[in-house]
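Visitor: Structure, please.
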Amino acid sequence: MANKLKLGLVGADADGRGWGPAAHIPALHEIEQIELVALCTSRPESAAAAAEAFGVDRAYHNVNELVAQPDIDIVSAVVNIPSHYEVVMPALNAGKHVYCEWPLGASLAETEEMAALAHAKDVVTAIGLQGRHDPSLTYIKELCDEGWLGDIHSVQMTFLGTSTPDRPSRAEYEREVHRGAHLMTIIGGHTLDYVAYCFGSLAEVSARVTTRVKKLRMVDTGEMVDAEAADNVLINGVLTNGALLSYQLSAVPFHGDGWRMAVYGSKGTIIATAQGLPQITPIKLVGAQGDEPLVELPIPERLRLVPASVPSGPPQNVGQAYVRMAEAIQEGEPFAPSFEDALEAHKLLDAIQQSSDEGRVIKLV
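Guide: Residues are numbered from 1 along each chain as shown. Presented below is the predicted three-dimensional model:
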(Lines give C-alpha, C1' and ligand atoms only; values in the text may rest on other atoms or scores of the structure.)
Protein backbone atom coordinates (compact mmCIF):
# COMPACT_ATOMS: atom_id res chain seq x y z
CA MET A 1 0.00 0.00 0.00
CA ALA A 2 1.40 3.41 -0.99
CA ASN A 3 1.79 6.25 1.50
CA LYS A 4 1.79 4.14 4.61
CA LEU A 5 1.70 6.09 7.83
CA LYS A 6 4.91 5.71 9.83
CA LEU A 7 4.74 4.86 13.51
CA GLY A 8 7.17 4.95 16.42
CA LEU A 9 6.32 2.77 19.41
CA VAL A 10 7.49 3.54 22.94
CA GLY A 11 7.71 0.46 25.15
CA ALA A 12 9.01 -2.88 23.86
CA ASP A 13 11.06 -5.53 25.64
CA ALA A 14 13.28 -7.69 23.46
CA ASP A 15 12.35 -10.72 25.56
CA GLY A 16 8.73 -10.38 24.42
CA ARG A 17 7.26 -9.35 27.76
CA GLY A 18 4.69 -6.60 27.92
CA TRP A 19 1.76 -5.37 25.88
CA GLY A 20 3.84 -3.94 23.04
CA PRO A 21 5.30 -7.27 21.92
CA ALA A 22 2.11 -9.16 22.81
CA ALA A 23 -0.41 -7.00 20.95
CA HIS A 24 0.89 -3.95 19.09
CA ILE A 25 3.96 -5.23 17.26
CA PRO A 26 2.34 -8.40 15.82
CA ALA A 27 -0.60 -6.31 14.58
CA LEU A 28 1.55 -3.55 13.10
CA HIS A 29 3.71 -6.05 11.21
CA GLU A 30 0.63 -7.33 9.35
CA ILE A 31 -1.73 -4.43 8.64
CA GLU A 32 -1.27 -2.51 5.40
CA GLN A 33 -2.06 1.02 6.53
CA ILE A 34 0.78 1.64 9.01
CA GLU A 35 4.50 0.86 9.02
CA LEU A 36 6.34 0.36 12.32
CA VAL A 37 9.61 2.22 11.73
CA ALA A 38 11.00 2.90 15.21
CA LEU A 39 11.07 1.56 18.75
CA CYS A 40 11.95 3.47 21.89
CA THR A 41 12.92 2.15 25.32
CA SER A 42 14.67 3.71 28.31
CA ARG A 43 18.22 2.54 27.54
CA PRO A 44 20.37 2.34 24.37
CA GLU A 45 21.09 -1.36 24.90
CA SER A 46 17.46 -2.36 25.36
CA ALA A 47 16.33 -0.20 22.44
CA ALA A 48 18.87 -1.78 20.09
CA ALA A 49 17.98 -5.27 21.29
CA ALA A 50 14.25 -4.65 20.81
CA ALA A 51 14.74 -3.24 17.32
CA GLU A 52 16.77 -6.29 16.33
CA ALA A 53 14.33 -8.73 17.94
CA PHE A 54 11.31 -7.28 16.16
CA GLY A 55 12.86 -6.37 12.83
CA VAL A 56 12.54 -2.60 13.18
CA ASP A 57 15.14 -0.33 11.58
CA ARG A 58 15.46 2.48 14.11
CA ALA A 59 16.02 2.43 17.87
CA TYR A 60 15.79 5.33 20.31
CA HIS A 61 16.22 5.60 24.05
CA ASN A 62 14.90 9.14 24.38
CA VAL A 63 11.26 10.02 23.70
CA ASN A 64 12.13 13.58 22.69
CA GLU A 65 14.48 12.28 20.01
CA LEU A 66 11.82 9.92 18.67
CA VAL A 67 9.08 12.55 18.44
CA ALA A 68 11.49 14.96 16.72
CA GLN A 69 11.72 12.69 13.67
CA PRO A 70 9.83 14.48 10.87
CA ASP A 71 8.79 11.31 9.04
CA ILE A 72 7.04 9.73 12.02
CA ASP A 73 3.29 10.34 11.84
CA ILE A 74 2.06 8.38 14.88
CA VAL A 75 3.56 7.77 18.31
CA SER A 76 2.22 4.89 20.38
CA ALA A 77 2.64 4.94 24.17
CA VAL A 78 2.72 1.33 25.35
CA VAL A 79 4.46 1.80 28.69
CA ASN A 80 3.37 1.45 32.31
CA ILE A 81 0.50 3.79 33.16
CA PRO A 82 2.57 6.07 35.45
CA SER A 83 4.79 6.81 32.41
CA HIS A 84 2.02 7.64 29.91
CA TYR A 85 2.18 11.37 30.59
CA GLU A 86 5.91 11.65 29.90
CA VAL A 87 5.47 9.97 26.51
CA VAL A 88 2.19 11.51 25.38
CA MET A 89 2.91 15.16 26.16
CA PRO A 90 6.13 15.42 24.08
CA ALA A 91 4.45 13.56 21.23
CA LEU A 92 1.48 15.94 21.22
CA ASN A 93 3.72 18.98 21.48
CA ALA A 94 5.57 17.70 18.41
CA GLY A 95 2.27 17.57 16.51
CA LYS A 96 2.13 13.78 16.24
CA HIS A 97 -0.98 11.66 16.17
CA VAL A 98 -0.97 9.56 19.34
CA TYR A 99 -2.18 6.12 20.36
CA CYS A 100 -2.00 5.65 24.13
CA GLU A 101 -2.90 2.58 26.10
CA TRP A 102 -5.71 2.83 28.64
CA PRO A 103 -5.91 4.45 31.15
CA LEU A 104 -4.68 7.65 29.55
CA GLY A 105 -3.38 9.19 32.77
CA ALA A 106 -2.62 7.96 36.26
CA SER A 107 -5.07 10.59 37.53
CA LEU A 108 -7.97 12.71 36.30
CA ALA A 109 -5.72 15.78 36.33
CA GLU A 110 -3.18 14.14 34.00
CA THR A 111 -5.97 12.93 31.72
CA GLU A 112 -7.51 16.40 31.52
CA GLU A 113 -4.16 17.96 30.63
CA MET A 114 -3.42 15.46 27.87
CA ALA A 115 -6.93 15.69 26.41
CA ALA A 116 -6.76 19.49 26.39
CA LEU A 117 -3.40 19.53 24.60
CA ALA A 118 -4.63 16.99 22.04
CA HIS A 119 -7.63 19.22 21.32
CA ALA A 120 -5.40 22.27 20.95
CA LYS A 121 -3.03 20.47 18.58
CA ASP A 122 -5.95 19.15 16.47
CA VAL A 123 -4.39 15.71 15.98
CA VAL A 124 -6.00 12.28 15.88
CA THR A 125 -5.76 10.51 19.21
CA ALA A 126 -6.63 6.93 20.08
CA ILE A 127 -7.06 5.50 23.55
CA GLY A 128 -6.50 1.78 23.97
CA LEU A 129 -10.09 0.85 24.77
CA GLN A 130 -9.85 -1.55 21.87
CA GLY A 131 -12.95 -3.49 22.83
CA ARG A 132 -14.89 -0.93 20.79
CA HIS A 133 -13.23 -2.36 17.71
CA ASP A 134 -14.11 -5.98 18.44
CA PRO A 135 -16.44 -7.20 15.66
CA SER A 136 -18.78 -8.80 18.20
CA LEU A 137 -19.28 -5.61 20.19
CA THR A 138 -19.58 -3.59 16.99
CA TYR A 139 -22.31 -5.97 15.89
CA ILE A 140 -24.18 -5.54 19.19
CA LYS A 141 -24.06 -1.77 18.67
CA GLU A 142 -25.33 -2.14 15.10
CA LEU A 143 -28.25 -4.31 16.20
CA CYS A 144 -29.07 -1.86 18.97
CA ASP A 145 -28.92 1.14 16.61
CA GLU A 146 -31.09 -0.67 14.05
CA GLY A 147 -33.80 -1.28 16.64
CA TRP A 148 -33.39 -5.07 16.73
CA LEU A 149 -33.57 -4.95 20.53
CA GLY A 150 -36.29 -2.31 20.67
CA ASP A 151 -36.18 -0.01 23.69
CA ILE A 152 -33.36 -1.05 26.02
CA HIS A 153 -34.75 -1.92 29.45
CA SER A 154 -31.70 -3.18 31.32
CA VAL A 155 -28.07 -4.22 31.01
CA GLN A 156 -26.58 -6.76 33.40
CA MET A 157 -22.84 -7.30 33.40
CA THR A 158 -20.35 -9.30 35.45
CA PHE A 159 -16.61 -9.77 35.33
CA LEU A 160 -15.25 -12.39 37.72
CA GLY A 161 -11.54 -12.76 37.12
CA THR A 162 -9.50 -15.36 38.96
CA SER A 163 -6.81 -13.59 40.94
CA THR A 164 -4.24 -14.47 43.56
CA PRO A 165 -2.50 -12.59 46.36
CA ASP A 166 0.84 -13.76 44.90
CA ARG A 167 2.37 -11.22 42.50
CA PRO A 168 5.81 -10.57 40.98
CA SER A 169 7.49 -7.52 42.48
CA ARG A 170 7.65 -5.84 39.05
CA ALA A 171 3.84 -5.61 39.25
CA GLU A 172 3.79 -4.17 42.76
CA TYR A 173 2.77 -0.76 41.44
CA GLU A 174 -0.63 -2.23 40.53
CA ARG A 175 -1.58 -2.33 44.22
CA GLU A 176 -1.24 1.45 44.60
CA VAL A 177 -4.30 3.51 43.73
CA HIS A 178 -2.39 6.66 42.75
CA ARG A 179 -0.53 4.78 39.99
CA GLY A 180 -3.80 4.12 38.17
CA ALA A 181 -3.16 0.48 37.22
CA HIS A 182 -5.65 -1.58 39.16
CA LEU A 183 -8.85 -3.59 38.80
CA MET A 184 -11.28 -0.68 38.61
CA THR A 185 -9.26 1.45 36.20
CA ILE A 186 -8.11 -1.28 33.84
CA ILE A 187 -10.84 -3.92 33.79
CA GLY A 188 -13.55 -1.58 35.02
CA GLY A 189 -12.62 1.07 32.48
CA HIS A 190 -12.57 -1.37 29.58
CA THR A 191 -15.82 -3.10 30.41
CA LEU A 192 -17.79 0.03 31.27
CA ASP A 193 -16.71 1.43 27.91
CA TYR A 194 -18.48 -1.48 26.21
CA VAL A 195 -21.72 -0.27 27.78
CA ALA A 196 -21.11 3.34 26.74
CA TYR A 197 -20.24 2.26 23.19
CA CYS A 198 -23.14 -0.12 22.66
CA PHE A 199 -25.96 1.47 24.65
CA GLY A 200 -25.01 5.00 25.71
CA SER A 201 -23.42 6.71 28.68
CA LEU A 202 -24.49 6.65 32.31
CA ALA A 203 -26.65 9.45 33.69
CA GLU A 204 -26.20 8.47 37.33
CA VAL A 205 -24.28 5.88 39.31
CA SER A 206 -24.29 4.28 42.75
CA ALA A 207 -21.40 2.05 43.77
CA ARG A 208 -19.65 0.10 46.48
CA VAL A 209 -15.86 -0.24 46.13
CA THR A 210 -14.02 -2.59 48.50
CA THR A 211 -10.67 -4.28 49.09
CA ARG A 212 -11.20 -7.79 50.42
CA VAL A 213 -7.62 -9.10 50.10
CA LYS A 214 -5.57 -6.83 52.35
CA LYS A 215 -2.10 -8.30 51.81
CA LEU A 216 -0.21 -9.33 48.67
CA ARG A 217 2.90 -11.53 48.55
CA MET A 218 5.71 -10.72 46.15
CA VAL A 219 6.60 -14.17 44.84
CA ASP A 220 10.19 -13.37 43.92
CA THR A 221 11.09 -11.71 47.23
CA GLY A 222 8.59 -13.19 49.69
CA GLU A 223 7.73 -9.69 50.91
CA MET A 224 4.17 -9.05 52.11
CA VAL A 225 2.77 -5.67 51.08
CA ASP A 226 -0.47 -3.83 51.77
CA ALA A 227 -3.10 -3.86 49.03
CA GLU A 228 -4.63 -0.42 48.52
CA ALA A 229 -6.55 -0.92 45.29
CA ALA A 230 -10.07 -2.35 45.17
CA ASP A 231 -10.66 -5.98 44.27
CA ASN A 232 -14.49 -6.01 44.44
CA VAL A 233 -16.85 -3.41 42.97
CA LEU A 234 -20.64 -3.28 42.73
CA ILE A 235 -22.20 -0.69 40.41
CA ASN A 236 -25.82 0.26 39.81
CA GLY A 237 -26.64 2.95 37.31
CA VAL A 238 -29.13 4.53 34.96
CA LEU A 239 -28.20 5.14 31.32
CA THR A 240 -29.16 8.35 29.56
CA ASN A 241 -31.86 6.40 27.70
CA GLY A 242 -33.40 5.33 31.01
CA ALA A 243 -32.17 1.73 30.95
CA LEU A 244 -30.81 0.27 34.18
CA LEU A 245 -27.27 -1.07 34.58
CA SER A 246 -26.16 -3.63 37.15
CA TYR A 247 -22.45 -4.58 37.23
CA GLN A 248 -20.36 -6.76 39.52
CA LEU A 249 -16.59 -6.55 39.01
CA SER A 250 -14.49 -8.87 41.15
CA ALA A 251 -11.04 -10.39 41.43
CA VAL A 252 -11.98 -13.71 43.03
CA PRO A 253 -9.60 -16.31 44.49
CA PHE A 254 -10.77 -19.31 42.46
CA HIS A 255 -12.96 -20.26 39.50
CA GLY A 256 -13.59 -16.84 38.02
CA ASP A 257 -15.83 -17.40 35.02
CA GLY A 258 -14.88 -14.36 32.99
CA TRP A 259 -17.19 -11.76 31.46
CA ARG A 260 -20.90 -11.74 30.74
CA MET A 261 -23.08 -8.92 29.41
CA ALA A 262 -26.82 -9.39 28.91
CA VAL A 263 -29.03 -6.71 27.40
CA TYR A 264 -32.79 -6.92 27.54
CA GLY A 265 -34.99 -4.85 25.26
CA SER A 266 -38.65 -4.57 24.37
CA LYS A 267 -38.12 -6.63 21.21
CA GLY A 268 -35.07 -8.77 21.85
CA THR A 269 -32.29 -10.11 24.04
CA ILE A 270 -28.55 -10.46 23.50
CA ILE A 271 -26.14 -12.25 25.82
CA ALA A 272 -22.39 -11.90 25.26
CA THR A 273 -19.80 -14.01 27.08
CA ALA A 274 -16.03 -14.41 27.13
CA GLN A 275 -13.68 -16.55 29.21
CA GLY A 276 -11.48 -13.54 29.93
CA LEU A 277 -11.33 -9.88 29.05
CA PRO A 278 -13.42 -9.45 25.89
CA GLN A 279 -10.95 -7.14 24.20
CA ILE A 280 -8.38 -9.97 24.11
CA THR A 281 -10.44 -13.18 24.15
CA PRO A 282 -13.17 -14.41 21.79
CA ILE A 283 -16.73 -13.29 22.47
CA LYS A 284 -19.71 -15.57 21.97
CA LEU A 285 -23.03 -13.94 21.14
CA VAL A 286 -26.45 -15.49 21.52
CA GLY A 287 -29.71 -13.67 21.03
CA ALA A 288 -33.35 -13.82 20.12
CA GLN A 289 -36.29 -11.59 19.38
CA GLY A 290 -39.47 -12.00 21.37
CA ASP A 291 -39.76 -15.34 23.13
CA GLU A 292 -37.91 -17.28 20.43
CA PRO A 293 -35.13 -19.60 21.68
CA LEU A 294 -31.69 -18.05 22.09
CA VAL A 295 -29.41 -18.91 19.16
CA GLU A 296 -25.82 -18.08 18.35
CA LEU A 297 -25.49 -14.85 16.36
CA PRO A 298 -22.88 -15.07 13.59
CA ILE A 299 -20.66 -12.01 13.24
CA PRO A 300 -20.63 -10.41 9.76
CA GLU A 301 -17.24 -10.81 8.07
CA ARG A 302 -17.38 -7.17 6.90
CA LEU A 303 -16.66 -6.13 10.50
CA ARG A 304 -13.27 -7.88 10.48
CA LEU A 305 -10.85 -5.24 9.21
CA VAL A 306 -7.48 -6.89 9.80
CA PRO A 307 -5.92 -9.47 7.46
CA ALA A 308 -6.10 -13.15 8.36
CA SER A 309 -2.35 -13.09 9.04
CA VAL A 310 -2.85 -11.05 12.25
CA PRO A 311 -2.42 -13.51 15.15
CA SER A 312 -5.43 -14.38 17.26
CA GLY A 313 -5.80 -12.94 20.74
CA PRO A 314 -4.56 -9.47 21.76
CA PRO A 315 -3.28 -8.36 18.31
CA GLN A 316 -6.73 -8.69 16.73
CA ASN A 317 -8.56 -5.73 18.25
CA VAL A 318 -5.42 -3.60 18.53
CA GLY A 319 -5.00 -4.16 14.80
CA GLN A 320 -8.64 -3.22 14.22
CA ALA A 321 -8.04 0.01 16.15
CA TYR A 322 -4.96 0.87 14.11
CA VAL A 323 -6.79 0.30 10.82
CA ARG A 324 -9.57 2.67 11.87
CA MET A 325 -7.08 5.21 13.24
CA ALA A 326 -5.19 5.22 9.94
CA GLU A 327 -8.43 5.76 8.02
CA ALA A 328 -9.32 8.70 10.28
CA ILE A 329 -5.92 10.32 9.74
CA GLN A 330 -5.90 9.83 5.99
CA GLU A 331 -9.51 10.93 5.48
CA GLY A 332 -9.54 13.77 7.99
CA GLU A 333 -12.35 12.15 9.95
CA PRO A 334 -12.88 11.94 13.74
CA PHE A 335 -11.79 8.80 15.56
CA ALA A 336 -13.25 7.10 18.61
CA PRO A 337 -12.37 6.27 21.27
CA SER A 338 -10.19 9.38 21.50
CA PHE A 339 -8.57 11.18 24.41
CA GLU A 340 -11.91 12.95 24.92
CA ASP A 341 -13.56 9.57 25.37
CA ALA A 342 -10.77 8.62 27.78
CA LEU A 343 -11.53 11.74 29.81
CA GLU A 344 -15.22 10.85 30.07
CA ALA A 345 -14.34 7.29 31.08
CA HIS A 346 -11.97 8.56 33.77
CA LYS A 347 -14.63 10.92 35.12
CA LEU A 348 -16.99 7.96 35.40
CA LEU A 349 -14.44 5.97 37.39
CA ASP A 350 -13.93 8.90 39.73
CA ALA A 351 -17.70 9.18 40.16
CA ILE A 352 -17.89 5.48 41.05
CA GLN A 353 -15.24 5.94 43.72
CA GLN A 354 -16.96 9.11 44.98
CA SER A 355 -20.28 7.29 45.23
CA SER A 356 -18.70 4.57 47.32
CA ASP A 357 -16.81 7.01 49.54
CA GLU A 358 -19.84 9.22 50.18
CA GLY A 359 -22.56 6.57 50.15
CA ARG A 360 -24.78 8.38 47.66
CA VAL A 361 -25.93 8.47 44.06
CA ILE A 362 -23.73 10.61 41.80
CA LYS A 363 -25.44 12.45 38.94
CA LEU A 364 -23.33 12.52 35.76
CA VAL A 365 -25.62 14.54 33.48
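
Visitor: Parallel or antiparallel, list what pairs with the one helix or strand residue 235 maps to.
Guide: Using DSSP states H and E, residue 235 falls within strand 232-239. Looking at strand 232-239 with DSSP bridges, its partner strands are strand 202-210 (antiparallel), strand 244-252 (antiparallel).

Visitor: Could you point out the longest helix of this protein?
Guide: With secondary structure taken from DSSP state H, the chain has its longest helix at helix 339-358.

Visitor: Report the buried residues of that one.
Guide: 339-346, 348-349, 351-353, 355-356 (16 or more other CB atoms under 10 Å). C-beta here means a position set from N, CA and C on the backbone, and glycine is covered the same way.

Visitor: what does stretch 231-239 give?
Guide: Residues of stretch 231-239 classed as buried by neighbour count (16+ other CB under 10 Å): 231-235, 237-239.

Visitor: Lowest-confidence entry in the residues you listed?
Guide: pLDDT across the buried residues of stretch 231-239 is at its lowest for residue 231, which sits at 92.

Visitor: Give the next helix or strand downstream of the helix or strand bottoming out on mean pLDDT in the chain.
Guide: In the chain, the helix or strand scored least confidently by mean pLDDT, DSSP states H and E is strand 166-167, which has a mean of 81. Remark: after strand 166-167, the chain's next helix or strand is helix 183, criterion DSSP H and E.

Visitor: what packs against whatever helix or strand comes next after that next one?
Guide: Following helix 183 in sequence order, the next helix or strand is helix 189-199 (DSSP H and E). Applying 3 or more CB pairs under 8 Å, 6 or more residues apart in numbering; DSSP states H and E, one finds that helix 189-199 contacts helix 135-145, strand 152-162, strand 202-210, strand 232-239, strand 244-252, strand 258-265, helix 339-358.

Visitor: so which of those comes closest to residue 129?
Guide: Relative to residue 129, the nearest member of those by CB to CB is helix 339-358, separated by 7.1 Å.

Visitor: which residues touch the closest one?
Guide: Helix 339-358 is contacted by residues 98, 100, 102-105, 108, 111-112, 114-115, 118-119, 125, 127, 129, 184-185, 188-189, 192-193, 196, 201-202, 205-210, 233, 235, 337, 361-362, 364 when judged by CB atoms under 8 Å, 6 or more residues apart in numbering.

Visitor: pLDDT at residue 1, what is it?
Guide: Note for residue 1: predicted pLDDT of 49.

Visitor: next one: residue 132
Guide: Looking at residue 132, its pLDDT reads 96.

Visitor: about what we covered before: parallel or antiparallel, which strands does the least confident helix or strand of the chain pair with?
Guide: Per DSSP bridges, strand 166-167 is paired in its sheet with strand 215-218 (parallel).

Visitor: What lies in contact with the least confident helix or strand of the chain?
Guide: Applying CB under 8 Å, 6+ apart, the contact partners of strand 166-167 are 174-175, 216-219.

Visitor: Outline the domain layout of the protein.
Guide: 5-130+326-338, 131-305+343-363 (automatic domain parsing).

Visitor: Extract the residue ranges of this protein that are flagged as low pLDDT.
Guide: Residue ranges of the chain with pLDDT under 70: 1-2, 172-174, 178, 180-181.

Visitor: same thing but at 90, please
Guide: 1-3, 17, 106, 162-183, 185, 213-220, 222-223, 225-229, 252-255, 277-279 (pLDDT under 90).

Visitor: how about the nearest residue to residue 303 once chain neighbours are set aside, what does it touch?
Guide: Closest residue in space to residue 303, ignoring its immediate chain neighbours: residue 135 at 3.8 Å, by CB to CB, 6 or more residues apart in numbering. Neighbouring residues of residue 135 by CB under 8 Å, 6+ apart: 299-300, 303-304, 320.

Visitor: By neighbour count, sort out the buried ones in those.
Guide: 299, 304, 320.

Visitor: right, and the first one touches residue 139 too?
Guide: Yes - Residue 299 is in contact with residue 139 according to CB atoms under 8 Å; the separation is 5.3 Å.

Visitor: and for those two, which residues touch both?
Guide: Here residue 299 and residue 139 share the contacting residues residue 285, scored by CB under 8 Å, 6+ apart.

Visitor: Most neighbours of all the contacts of strand 166-167, which one?
Guide: Neighbour counts for the contacts of strand 166-167 (other CB atoms under 10 Å) peak at residue 216, which has 23 neighbours.

Visitor: so that one makes contact with residue 228?
Guide: No - contact between residue 216 and residue 228 fails when scored by CB under 8 Å: they sit 9.9 Å apart.

Visitor: Common neighbours of these two, please.
Guide: Residues touching both residue 216 and residue 228 by CB under 8 Å, 6+ apart: residue 175.

Visitor: got the contact list for residue 254?
Guide: residue 162.

Visitor: That one belongs to a helix?
Guide: No - counting by DSSP: H, G, I helix; E, B strand; the rest coil, residue 254 is not part of a helix but coil.

Visitor: roughly how far apart are it and residue 164?
Guide: 9 Å (CB to CB, to the nearest Å).

Visitor: Then residue 334?
Guide: On the measure of CB to CB, residue 334 and residue 164 end up 41 Å apart.

Visitor: So for the two, which sits in the more crowded spot?
Guide: For residue 334 versus residue 164, the count of surrounding residues by other CB under 10 Å is larger for residue 164: 12 against 9.

Visitor: how close does that one sit to residue 216?
Guide: 9 Å.

Visitor: Hmm, residue 96 and residue 77 touching each other?
Guide: No - with contact defined as CB under 8 Å, residue 77 does not reach residue 96; the gap is 10.6 Å.
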